[in-house]
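Chemist: Dropping a prediction and its sequence here:
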Amino acid sequence: MNTFWMIWPGNPGLSALTWALGGMLFLYAARSPMHELIRSTGHAIAGPLRALSRWLAAAAEELHRRNRAVLLAQARQDVESRIEREFERVSALVTRDLDGYPALQRKLMDEITRIEEDYKKCGEVPPPPPEWVEAVASVAKVKSGHEVVQKILEDISGSIGKMHDKSIAEYRRSYESRHRILGSFLPFWRSVEKTMARVDKKLEGLQSSAAAVDAQMEKYREISAQTDKAAHALAVSAFTQFIVSLLVMAVAAGGAFVNFKLIALPMSEMVGAGDTLAGNLQTSEVAALVIILVEASMGLFVMETLRITHLFPPIAQLEDRMRRRMLWTSATLLLVLATVEAALALMRDVLIADKQALIQSLATVQQAAAVTDGWVGAIPTAGQMLLGFILPFALAFIAIPLESLIHSSRTVGGIVILALVRLTAFLVRLLGHFAKHASRVLVSLYDVAIVLPLLAEKLGRRSAPAASARVEPELDVEEARRAS
Amino acid sequence: MRPTVSQQLTLLAIGFVVALAHLLAGCSDARNNAHAVYMLIDTSGTYAEEAGKAQRIVNYLLGTLQPGDALAVARVESRSFSEKDIIAKATFDTRPSQANAQKRAFQASADAFLKNVKGSRYTDITGGLLQGAEYLNETGAGTKTLIVFSDMQEELDRSTVRDFPIRMKGIRIVAINVVKLKTDNMDPRLYFGRLEAWQKRLEGAGAAEWRVVNDLERLDTVLAKR
């Protein structure tokens, strides 16, 4: 046991007590500077932390402002292009549908004029006024009983009967012809109805496009006004877009993995199976991966040249002839790669069959080979070839979600970073407060450690005022004398 | 002069193709990841009857080794430090189809030998080990395995000198089917002592691993995992 610390050899208790009292006295003597030191240390830690917290808060505010500006600018650009597209669509609609509108109107007017003319022809023709009515009235005034009159009346009656029959026949003929004219109206009416329906449909399309333009314009106005509502809606939309793009990308990654599995083995026939790059990554696997990435790149170029995506501004700025050339080049390369993949998929099947045959010949116990002859056996091969051919084209569409992901990731990333900066600022501020309060606690603990000298000091102070009170009357007398 | 957009695109395309070609062509040292296996088959005395089992092991190796690996099968005779004792050897092509063809040819050669094994008078295991080590070191493979299909009972004629230190640095030694002799049955200490002596000698020679496999159902432990 070490005894070097013992002041009283053989008496550890007394030695420890002496050390404690000595230490206490030392700490009491150093009380003021130690308190100052602890407080200063607390301030030294809390001050910079508070400053850091303020700086982080300011940075977060700046970041928020920039995020908002970028978000609104992006959205404005997006809405502008959408409005532009809507106008193009309206223009195309007008050109396509309403280009023949004058001809349509002329046709409609002709048909209406014809119907009107025909309608006029259909007007009811009243039977001719009976000229013989007056003659009958004159004859009726003649006194009856005269034979001549009777004969005349009989003749008139006969004539009237004949004329009546003739008039009725004429009247019926006239009605028949009018009915015929009315019958011939029908196709014209139908044609007019059809034409009107066509016009109505076209106008409806135009109306919906105009409504879409209106909606976009309303959105544009809100974005231009930089309202909180618009910013919030855009942020939510960016998050949705980000998640959807991520999901689609995950699906595409699955497709790429299947594609990779299809061509990794046969690629070893081209670049060898024994070579490796880093770790256990075989060169054939890397080559397969590169082929898939090249296919995706070609797909990206196709989408760019078709102006579906806008990831590369130089491609969008190309003149039309050059852009078409690039489109054809990319599409041809994609087709060639897809064909190569189909061939590789076939080779994979051949290689697996060869390996199986070798294993079979090496096996001690010969296993019965699975019956896969005929068209059933050809299904997996055909399926692999088909997949090998289709997957590159399917991968080409990855450019669309990729663009969406890149665009939305700016907003999402900005919001996430902003949240992190704010959280850090909060934690730093909390730490500053903790340091400040910890220094106060340490000061109190220090006083607890030197409680005995402090008590002694307190007692000393209490006795000191009593002594000073005793000498006070003498002082008062002295002062009174000096005053008189 | 500032290049035009089309020139920039052309340069980009050329750069991409060059990078792709470089990536496809420039690979790491293939041999470092390759596996080289040398199998010694004891043909002395009664052990020659175990040839059927040797064929099974050769077939297992052919089925397990990958394109780019190397395999050699040699016999242990009265004096085995000679290339003439190598029955078949091949470094498999990196193309799987070619490698399969090589394996078929290898299997045919090994089968032809193992069907007509003639017993030798003496057993020069040390000579075979030296020959195997030489072959394995020449392959430059990353993993080297020397399989000894023997009872590990060395018998040398008077004029054959093998009592000198050998070098087996970095080589895994796997003794397979180490059958017990009649004398081992009488005194098992002889068997264990023999194995211990070989282990001591080979580990002293720098062998990376010493392993004994008597159960042919456990052949998966013969080849080290890459």
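Modeler: Received, thanks.
Chemist: now the helices for the stretch 1-150 of chain A?
Modeler: Using DSSP state H, counting those that start in this stretch, the helices found in the stretch 1-150 of chain A span residues A:12-29, A:31-97, A:101-121, A:132-141, A:147-224.
Chemist: Show me what the longest one is packed up against.
Modeler: Where contact means 3 or more C-beta pairs under 8 Å, 6 or more residues apart in numbering or on different chains; DSSP states H and E, helix A:147-224 is packed against helix A:31-97, helix A:101-121, helix A:132-141, helix A:228-271. (C-beta placed from N, C-alpha, C; glycine too.)
Chemist: Centre-most residue in chain B?
Modeler: B:Val37 (1.7 Å; C-alpha atoms, centre = their mean).
Chemist: For whatever residue of chain B ends up closest to chain A, give me its contacts.
Modeler: Closest to chain A within chain B is B:Gly68: 2.1 Å, counting by C-beta to the nearest C-beta. Under the criterion of C-beta atoms under 8 Å, 6 or more residues apart in numbering or on different chains, the contact list for B:Gly68 reads A:Gly272, A:Ala273, A:Gly274, A:Asp275, B:Ala30, B:Asn33, B:Ala34, B:Thr91, B:Phe92, B:Asp93, B:Thr94, B:Ala99.
Chemist: Generate TSV for the residues you listed, with secondary structure, neighbour count and pLDDT as supplementary columns.
Modeler: Formatted as TSV, the contacts of B:Gly68 follow (DSSP: H, G, I helix; E, B strand; the rest coil; neighbours: other C-beta atoms under 10 Å in any protein chain shown; pLDDT from 0 to 100):
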residue	secondary structure	neighbour count	pLDDT
A:Gly272	coil	20	80
A:Ala273	coil	25	76
A:Gly274	coil	24	70
A:Asp275	coil	24	72
B:Ala30	helix	18	54
B:Asn33	helix	20	78
B:Ala34	coil	26	86
B:Thr91	strand	19	93
B:Phe92	coil	24	92
B:Asp93	coil	17	91
B:Thr94	coil	22	87
B:Ala99	helix	26	92
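Chemist: Which residues of the stretch 251-400 of chain A lie near chain B?
Modeler: Proximity of the stretch 251-400 of chain A to chain B, by C-beta under 8 Å from any C-beta of the partner chain, involves residues A:265, A:268-269, A:271-278, A:280, A:283, A:286-287, A:290, A:294, A:297, A:314-315, A:317-318, A:322, A:326, A:350-351, A:354-355, A:358-359, A:361-364.
Chemist: does B:Lys89 sit in a helix, a strand or a coil?
Modeler: strand (DSSP: H, G, I helix; E, B strand; the rest coil).
Chemist: Dig out what it forms beta bridges with.
Modeler: B:Ala72 (DSSP bridges).
Chemist: Can you check the pLDDT for B:Pro96?
Modeler: At B:Pro96, the model reports a pLDDT of 89.
Chemist: so it sits right up against A:Val271, yeah?
Modeler: No - the criterion here is C-beta atoms under 8 Å, and B:Pro96 misses it with A:Val271 at 11.7 Å.
Chemist: Who has more neighbours out of those two?
Modeler: Taking neighbours as other C-beta atoms under 10 Å in any protein chain shown, B:Pro96 and A:Val271 compare with B:Pro96 leading, 24 against 21.
Chemist: which residues touch that one?
Modeler: Counting by C-beta under 8 Å, 6+ apart, B:Pro96 touches A:Leu265, A:Ser268, A:Glu269, A:Ala273, A:Leu351, A:Asp354, A:Lys355, B:Pro67.
Chemist: before we move on, what about A:Tyr220?
Modeler: A:Tyr220 neighbours (C-beta under 8 Å, 6+ apart): A:Arg76, A:Val79, A:Glu80, A:Ile83.
Chemist: now do A:Met24
Modeler: So A:Met24 contacts A:Ala449, A:Ile450, A:Leu452, A:Pro453 (C-beta under 8 Å, 6+ apart).
Chemist: And the residue of chain A closest to chain B?
Modeler: For chain A, C-beta to the nearest C-beta, closest residue to chain B: A:Gly274, 2.1 Å.
Chemist: if we can go back for a sec, could you flag which of the contacts of A:Tyr220 are buried?
Modeler: Burial by neighbour count, judged by 16 or more other C-beta atoms under 10 Å in any protein chain shown, picks out A:Arg76, A:Val79, A:Ile83 from those.
Chemist: Output the residues you listed in CSV, with distance to A:His35 appended to each entry.
Modeler: Shown next, in CSV, are the buried ones among the contacts of A:Tyr220 (distance: C-beta to C-beta, whole Å):
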residue, distance to A:His35
A:Arg76, 60
A:Val79, 64
A:Ile83, 70
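Chemist: will you turn those into a markdown table that also has pLDDT and distance to A:Ala394?
Modeler: Putting the buried ones among the contacts of A:Tyr220 into a markdown table (pLDDT from 0 to 100; distance: C-beta to C-beta, whole Å) gives the following:
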| residue | pLDDT | distance to A:Ala394 |
| --- | --- | --- |
| A:Arg76 | 84 | 34 |
| A:Val79 | 83 | 31 |
| A:Ile83 | 84 | 32 |
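Chemist: shaky segments in chain B?
Modeler: Scanning chain B with the threshold set as pLDDT under 70 gives B:1-31, B:224-226.
Chemist: mind listing the helices for it?
Modeler: Per DSSP state H, chain B carries helices over the ranges B:5-25, B:51-64, B:96-115, B:125-139, B:182-186, B:188-204.
Chemist: do the stretch 251-400 of chain A as well
Modeler: Counting by DSSP H, counting those that start in this stretch, the helices of the stretch 251-400 of chain A are A:283-305, A:313-316, A:320-362, A:374-396, A:399-449.
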